[in-house]
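K.L.:
For reference, the sequence and a predicted model appear below.
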Amino acid sequence: MEIIFGNEKLRKCCTSINKAIREWGDVRGRLVMRRLDQIRWAENLKDLMTLPQANCHPLKGNREGQFAVNVEHPFRLIFEPANEPLPGLNDGGLDLTRITFVRILEVKDYHG
């Protein structure tokens, strides 16, 4: 999949291992980079959702339309589909097999 970033600071942290480690610490920074590689290597969002270690899942509530992958508990890498227009299904859901472009929004513990 193709990746873009929600802001310039995030792009810099996500494209340099040294900056990722400085921003999130050694373990979390390396895991963020690993998850970004997995996103890049996935053909589409459905493929990414089959990787058990990433635990890619849709979010709910005020984060509906966003997805997350595990980084280091409780932190998640949060992203949204960036295809335009978003590929839909007849039932109103997203066609995950046609989502090939994502926007990284943040790395965060959104649980509380």
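P.N.:
Nice, thanks for sending it over. Numbers count the residues shown, from 1 in each chain.
K.L.:
Going by C-alpha atoms from here, please, whenever you check contacts or count neighbours.
P.N.:
Fine.
K.L.:
How about residues contacting the longest helix anywhere in the chain?
P.N.:
Counting residues, the longest helix in the chain under DSSP state H turns out to be helix 26-41. With contact meaning CA atoms under 8 Å, 6 or more residues apart in numbering, helix 26-41 is reached by 1-3, 14-15, 17, 20-23, 48, 54, 69, 71-72, 77.
K.L.:
Let me see the mean pLDDT of whatever helix or strand comes next after that helix.
P.N.:
Next helix or strand after helix 26-41 toward the C-terminus (DSSP states H and E): helix 45-48. Helix 45-48 shows a mean pLDDT of 97.
K.L.:
residues making contact with helix 45-48?
P.N.:
Contacts of helix 45-48 (CA under 8 Å, 6+ apart): Met1, Gln38, Ile39, Ala42, Ala54, Cys56, Leu96, Thr97, Arg98, Ile99, Thr100.
K.L.:
swap the cut-off to 7 Å and go again
P.N.:
Residues outside helix 45-48 that contact it (CA atoms under 7 Å, 6 or more residues apart in numbering) are Ile39, Ala42, Cys56, Leu96, Thr97, Ile99, Thr100.
K.L.:
For the residues you listed, could you give me JSON lines that also reports neighbour count?
P.N.:
Output for the contacts of helix 45-48, formatted as JSON lines (neighbours: other CA atoms under 10 Å):
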{"residue": "Ile39", "neighbour count": "24"}
{"residue": "Ala42", "neighbour count": "18"}
{"residue": "Cys56", "neighbour count": "23"}
{"residue": "Leu96", "neighbour count": "18"}
{"residue": "Thr97", "neighbour count": "13"}
{"residue": "Ile99", "neighbour count": "22"}
{"residue": "Thr100", "neighbour count": "20"}
